[in-house]
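**Student:** Predicted model and sequence below, questions to follow.
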Amino acid sequence: MVSFGEPWPEFNDGIYYRDLVRASGSGATLIEFYSRKYESSAPLHGWLQRIHNKQITIDGCLATDPNTILREGAELVYHRLPWKEPDAPYLLEILYEDNDVIALNKPSGLQVLPGGLFQQRTVLTQLQLRAGNLTTSGCQEAHPVPVHRLGRGTSGILLCAKTKLAKSRLAAFFADGTSNVGIYRRNDPQQKAGRSITKIYRALVSGIIIEDEIIIEQPIGLVRYPGVAKGLYVASPSGKPALSKVVVLERDMLRKSTLVQVEIQSGRPHQIRIHVSFIGHPLVVLSR
């Protein structure tokens, strides 16, 4: 198998956050704008420090006075300074590749898309670096991007598009499976044959699952949680439809755990973790 990847630099490039002042924010001071809108990001003195460090611009000009009055339509840019991201693997094994798609063996510990502390150490970054090093041919402009996600701690096959057209078509295939959630019929070959993409995972869960097969139809939604700015994804009646089919592969009576195969028809955030916990068999967390 062929692998690719470039070692990560010690520090990333930082990140720029852009805001456009709306009518509701017109007349507020710079420090009022940031300390109110991004209260969970930093306290008042934290934003004062960022202004004094010349990390914020207004319409392209450095902002030095926290009491500057903002006008409607002004563009604010905050530059978060570079930081050292947590350790992550960088080599990606190519399982299949043609002119439109590339299938990768994503290792555990590597995030797929930027988010949180990981803005540069991602699969997307390595795809973009590789595309920049290759000579493109044909009429399709290179546009490498993952078309679905795998959790940072999850290893497995990650399907990526190499062009905008491929991304559009693959995304439609994934969305087609999710749209059928709620009309699942057990042992219906017609329904499975109608799906273009099937997602199958293996997981080790706590406890002994008695049933050989379980169909979990439990909506997953985002709820408020103390200390978590964006909330948490949980099993929630008000969430979006989600369906998982769990098949027992092996029961370990000594370690009181069960190896299962999980086929997910939808692709909600943290779906497998949430669904197996919902039936009383949370994932076994293995120390690395």
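**Tutor:** Everything's here; your move.
**Student:** And the pLDDT for residue 257?
**Tutor:** On pLDDT, residue 257 comes in at 97.
**Student:** May I ask which helix or strand encompasses residue 95?
**Tutor:** Following DSSP states H and E, one finds residue 95 within strand 92-97.
**Student:** Go through the helix or strand just after that strand and flag the buried ones.
**Tutor:** Once strand 92-97 ends, the next helix or strand along the chain (criterion: DSSP H and E) is strand 101-106. Neighbour counts over strand 101-106 (16 or more other CB atoms under 10 Å) mark 101-102, 104, 106 as buried. Every residue, glycine included, has its C-beta placed from N, CA and C.
**Student:** Distance to residue 44 and pLDDT for these - can I get that in CSV?
**Tutor:** Below are the buried residues of strand 101-106 laid out as CSV (distance: CB to CB, whole Å; pLDDT from 0 to 100):
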residue, distance to residue 44, pLDDT
101, 49, 96
102, 47, 97
104, 44, 98
106, 41, 98
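**Student:** Name the nearest of those relative to residue 40.
**Tutor:** residue 106 (30.2 Å; CB to CB).
**Student:** so where is the stretch 101-250 of the chain shaky, pLDDT-wise?
**Tutor:** 134-140, 177-195, 229 (pLDDT under 70).
**Student:** which residues in it form helices?
**Tutor:** 123-133, 164-179, 189-194 (DSSP state H, counting those that start in this stretch).
**Student:** So which of the ones you listed is the most surrounded?
**Tutor:** Of the helices of the stretch 101-250 of the chain, the one with the most neighbours on average (mean count of other CB atoms under 10 Å) is helix 123-133, at a mean of 17.
**Student:** helices and strands around that one, which ones?
**Tutor:** If you count contacts as 3 or more CB pairs under 8 Å, 6 or more residues apart in numbering; DSSP states H and E, helix 123-133 packs onto strand 101-106, strand 142-146, strand 156-163.
**Student:** quick one: that helix to chain centroid distance?
**Tutor:** 17 Å (CA atoms, centre = their mean, to the nearest Å).
**Student:** Same question for stretch 36-56.
**Tutor:** 26 Å.
**Student:** just stretch 99-114 next, same as before
**Tutor:** 12 Å.
**Student:** same question, stretch 197-208
**Tutor:** Relative to the chain's own centre, stretch 197-208 is displaced by 19 Å; criterion: CA atoms, centre = their mean.
**Student:** List the buried residues for it?
**Tutor:** In stretch 197-208, counting by 16+ other CB under 10 Å, buried: 199, 203-206.
**Student:** out of the residues you listed, who's nearest residue 80?
**Tutor:** For those, the nearest to residue 80 is residue 199 (34.0 Å; CB to CB).
**Student:** Spatially nearest residue to residue 17 (excluding sequence neighbours)?
**Tutor:** Of all residues not flanking residue 17 in the chain, residue 78 sits nearest, at 4.6 Å (CB to CB, 6 or more residues apart in numbering).
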